[in-house]
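**Student:** Predicted structure and sequence below. I'll ask about it afterward.
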Amino acid sequence: PAAATLCGWGTVGAPRRNITNVKVNYRRGIEKMVEYLHGMGHRKLGFLGHHAMLAPLNERMRAVLDAVESRAGQMEVQTSAGADTLEGGRQAARALLATGYRPTAIVCVNDFMAIGALRELREQGIRVPRDISVTGFDNINLSEFCFPALTTIHIPRERIGQTICDCLIAREGDSPGNREITID
């Protein structure tokens, strides 16, 4: 049977012989988020990322920058980075606001950083979502306990797992071959 790897979690490149790559279309998720925020009237975005050089996380930042650029003159974005932790999200939000830039929405690379950003905003007396909207990415279980509720992009973990399982289970007449499966 073909082996499955999660490109989105670190394996990058074309499938090798008898390897099936299963990856997530992070770019489309970010594009949908920026489109949603634009539709809500947001024109000044902040992006909170972190210093890691993992391809999926850099892809998320690049996707935000590209989505804003595609709306030239309609939106702007400023980025800030911290550690990939709750405290890192808090520090990145603090650093972004310390520049004097006042976004109407903050897009975070993941939910952990978004939760940290929510705390920093609350401690600075900034009301979410009245003053600034905050979005996350990954839809982790912890995000449902945030107040106010965290808007986040859902990663279909069950679908990813099922796809990998289907790829690993040999089916009569199937040849493993080289395949790349992208999940929205």
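**Tutor:** Yep, that arrived.

**Student:** Make sure K23 is indeed in a strand.
**Tutor:** Yes: assessed by DSSP: H, G, I helix; E, B strand; the rest coil, K23 belongs to a strand.

**Student:** burial of it, as a residue count?
**Tutor:** K23 has 19 neighbouring residues, counting by other C-beta atoms under 10 Å. In short, each C-beta sits where N, CA and C put it, glycine included.

**Student:** pLDDT of stretch 89-98, averaged?
**Tutor:** Averaged over stretch 89-98, pLDDT sits at 97.

**Student:** chain center to it, what's the gap?
**Tutor:** Centroid separation between stretch 89-98 and its chain, computed with C-alpha atoms, centre = their mean, to the nearest Å, is 18 Å.

**Student:** Please list all residues in contact with the nearest residue to A92 once chain neighbours are set aside.
**Tutor:** Spatial nearest neighbour of A92, excluding adjacent residues (C-beta to C-beta, 6 or more residues apart in numbering): G82 at 3.5 Å. By C-beta atoms under 8 Å, 6 or more residues apart in numbering, the contact list for G82 reads 48, 50-51, 88-92, 95, 113, 116.

**Student:** Narrow those residues to those that are buried.
**Tutor:** 48, 50, 88-92, 113, 116 (16 or more other C-beta atoms under 10 Å).

**Student:** what about the spatially most central residue of the chain, which helix or strand?
**Tutor:** Geometric centre of the chain, nearest residue: F137, 3.9 Å, by C-alpha atoms, centre = their mean. Assigning secondary structure by DSSP states H and E places F137 in strand 133-138.

**Student:** For that strand, which helices and strands make contact with it?
**Tutor:** Helices and strands touching strand 133-138, by 3 or more C-beta pairs under 8 Å, 6 or more residues apart in numbering; DSSP states H and E, are helix 26-39, strand 105-108, helix 111-123, strand 151-154.

**Student:** between the ones you listed, which gets nearest to Q162?
**Tutor:** Closest to Q162 of the helices and strands packed on strand 133-138 is strand 151-154 (C-beta to C-beta; 15.2 Å).

**Student:** Off-centre distance for that closest one?
**Tutor:** Distance, centroid of strand 151-154 to centroid of chain: 8 Å (C-alpha atoms, centre = their mean).

**Student:** name the helices or strands packed onto that strand?
**Tutor:** Other elements packing on strand 151-154 under the criterion 3+ C-beta pairs under 8 Å, 6+ apart are helix 26-39, strand 133-138.
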